[in-house]
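**Student:** take this sequence and fold it.
(chains A and B)
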There are 2 protein chains.
Amino acid sequence: MTEREARMSSIDNTVISTRVRLARNIEGYPFPGHFADEKQAREVIRHVASSMSKYSNDFNLYYMNSISDAKAQSLVENHLISPNLLKTRRISAALISADECVSIMINEEDHLREQCIMMGLNLNEAYDRMSDCDSALSGDMKFAYDEQLGYLTACPTNVGTGLRASVMLFLPALSLCGLMQSVSRSASRLGLTVRGSYGEGSEAEGYTYQISNEVTLGLSEGDILSQVHDIVMQVCDMENAQRRKLAKGDNALELKDQCMRAYGILTNCARLTSGELQKYSAYVKLGAVLGFIPIRDVSGIDGLVIRMRPSNITDAAERDLTATERDVYRAEQTGKFLKGLVS
Amino acid sequence: MTEREARMSSIDNTVISTRVRLARNIEGYPFPGHFADEKQAREVIRHVASSMSKYSNDFNLYYMNSISDAKAQSLVENHLISPNLLKTRRISAALISADECVSIMINEEDHLREQCIMMGLNLNEAYDRMSDCDSALSGDMKFAYDEQLGYLTACPTNVGTGLRASVMLFLPALSLCGLMQSVSRSASRLGLTVRGSYGEGSEAEGYTYQISNEVTLGLSEGDILSQVHDIVMQVCDMENAQRRKLAKGDNALELKDQCMRAYGILTNCARLTSGELQKYSAYVKLGAVLGFIPIRDVSGIDGLVIRMRPSNITDAAERDLTATERDVYRAEQTGKFLKGLVS
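**Tutor:** Model prediction:
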């Protein structure tokens, strides 16, 4: 393996996914929190949906007050909408692309929250895809924009580009070595935020952290993307240096044992909850990146965890399943998948 | 499988081992607790050892005050001597057969405690082997004997035949169904005792229980053996009825999951303590007898647990191992053995 290939492989085994989102508002309407009535909200939804339909027929429109709770839960679990969008279901909607990479929340905090999620480190690709949608929409409506400030948003922290670029990372070594606080402080000095995977203030589950830009004002979109990209690359290098230390350190046997047992449980259990899969799969990934378990590419495990979310299992079954039925199905699929992955 | 074969197989999967022991004292000497001096103790040891050497050259003599603590620990772990024998090491010894089935403790509570341990349900075989030794010894020394009472012993509970026959059983189903108290009460009414595997008052580890006769007086040796044999057969049948219920009951999935996870841990772990092996191997045996894990004969697992005791691992390695080295060795051997066992 060349040095470049090794670095790419280490990035594949560290970066989980990339998310880029733009906050936009339509001139002439109050922010969603200040609508005069539901009629205004419906006008905004219709306006956005009709503009998008001119650009692409690849999007489905979901009115939040006309989808089932199960469907709503599924959209949240897959990060296609925020939990906040469901707090005002009478006035909110979402446009979601068929491949579920792009979603546009309508009447969340802003009129539009356009986002694109891609697996791996793909900041520019995600931004470009998002930006194409944004350009199409801006050709059909006038976004609230100030020459000095840039795009205007409900919350001042989003004013300017309205761009938030975030990358989800698997950082077990930095986490186990107690270095996340120091990583977080360094990132903060560069105007970036590090947090647990499920948004602000939440604990990092399964050693998963999100790095994103804090500042949206005074920087170009390109600057933001390259700043996030650079720090992600640095954090990947730091993580890898710690992984090498861990794999040979005093606690290597203890870690190996923990990882191997997790693999043993996932490949043998008869039922498995979503939380257990999250917890044990993090150990399996750790075992793989430390060289204890012969799995070269751990990114497939992230895909498995997503497919095994309760709502995705129910969707795949095309019928209501009990929690126990889901746990049995999850155990079977997980065992089969992981056994197939070991080289 | 015929009905008889099925019953035999169920006994193989329930009975772990058989132990028969005789308590004897030599006329003309006070009981070990009342020796006038160490000289008396040494005379008793020499007398017994020299008598045995006339009968068989298959026995090794161990003076308790001249073996290492590690060796003493090993003898206790393998149930060849009792912990009590080590409380008075200056005056005690043991004669142990090369195959480690027969051991004769000298100057424990009584001058002689002759015992024979065999795997499986082998009351008559174990008694016969023991009895041959006993006859040989009695030809060479005069045992304290009363026409009315029978053999005289330090503790009145052993007076009479001096015989205790005990069978070690794996009773997960009766235990999980909360029926052990009732089994214990029924046995008690017949003059038998049920207790956890490591002697009086100890908790049952790994669903392991010992059934033995309480009464040694007023019954012939043959009566005692057939009484113990009969109740063991009854308990085996009860255990099997409960196993069939458990395998199809409401908690079957939960049990299957627990057993499969234990199997997953034992076949994948990188280190394993003796206590963990005991705990998880009980679940694997349970999974096997309930039909969840394709292992037909669980008795091999009992042998593994014995071989993996700390002192036996050290003996096999023929050098001092650290606890960690033993745990790594135990993990490797256990994984290999269990994988080989699954049909």
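
**Student:** now the helix or strand residue A:173 falls within - C-alpha only, CSV.
**Tutor:** Assessed by DSSP states H and E, residue A:173 sits inside helix A:172-176. Taking Å, rounded to 0.1, in the frame of the first residue of the first chain, the C-alpha atoms of helix A:172-176 are listed here in CSV:
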residue,chain,number,x,y,z
PRO,A,172,-12.4,5.8,19.3
ALA,A,173,-8.6,6.2,19.9
LEU,A,174,-8.8,9.9,20.6
SER,A,175,-11.8,9.3,22.8
LEU,A,176,-10.2,6.4,24.7
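
**Student:** can I assume residue A:86 sits in a helix?
**Tutor:** Yes - the assignment for residue A:86, made by DSSP: H, G, I helix; E, B strand; the rest coil, places it in a helix.

**Student:** circling back: for the helix holding residue A:173, what is the average pLDDT?
**Tutor:** On average, the pLDDT along helix A:172-176 is 92.

**Student:** moving C-terminal of it, what's the next helix or strand?
**Tutor:** Trace forward from helix A:172-176 with DSSP H and E and the next one is helix A:180-189.

**Student:** for the helix or strand following that next one, packing partners?
**Tutor:** Later in the chain than helix A:180-189, the nearest helix or strand by DSSP H and E is strand A:192-196. Secondary-structure packing of strand A:192-196 (3 or more Cβ pairs under 8 Å, 6 or more residues apart in numbering or on different chains; DSSP states H and E): helix A:180-189, strand A:208-213, helix A:221-248. The C-beta positions use only the backbone N, C-alpha and C, and glycine is treated the same way.

**Student:** in this structure residue A:172 contacts residue A:281, no?
**Tutor:** No - counting by Cβ atoms under 8 Å, residue A:172 stays clear of residue A:281, with 11.7 Å between them.

**Student:** so where's chain A shaky on pLDDT?
**Tutor:** Low-confidence segments of chain A (pLDDT under 70): A:1, A:197-205, A:343.

**Student:** contacts for the helix holding residue A:173, please.
**Tutor:** For helix A:172-176, the surrounding residues in contact (Cβ atoms under 8 Å, 6 or more residues apart in numbering or on different chains) are A:180, A:183, A:204, A:207, A:209, A:235, A:238-240, A:242-243, A:245-246, A:255, A:282, A:285-286, A:289-290.

**Student:** which of those count as buried?
**Tutor:** Buried residues within the contacts of helix A:172-176, counting neighbours by 16 or more other Cβ atoms under 10 Å in any protein chain shown: A:180, A:183, A:204, A:207, A:209, A:235, A:238-240, A:242-243, A:246, A:255, A:282, A:285-286, A:289-290.

**Student:** near chain B, which of these show up?
**Tutor:** For chain B, no contacts are drawn from the buried ones among the contacts of helix A:172-176 by Cβ under 8 Å from any Cβ of the partner chain.

**Student:** circling back to that earlier point, redo the helices and strands packed on strand A:192-196 as CSV? Include distance to residue A:331.
**Tutor:** Listed next are the helices and strands packed on strand A:192-196 as CSV, based on distance: least, Cβ to Cβ, whole Å:
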stretch, distance to residue A:331
helix A:180-189, 31
strand A:208-213, 22
helix A:221-248, 29
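
**Student:** just these: most buried one?
**Tutor:** strand A:208-213 (a mean of 22; mean count of other Cβ atoms under 10 Å in any protein chain shown).

**Student:** from the contact counts, what lies against it?
**Tutor:** Packing partners of strand A:208-213 (3+ Cβ pairs under 8 Å, 6+ apart): strand A:163-170, strand A:192-196, helix A:221-248.

**Student:** hey, what's the angle from it to helix A:180-189? Just curious.
**Tutor:** Taking axes from the mean of the first three to the mean of the last three Cα atoms, to 10 degrees, one finds strand A:208-213 and helix A:180-189 inclined to each other by 20 degrees.
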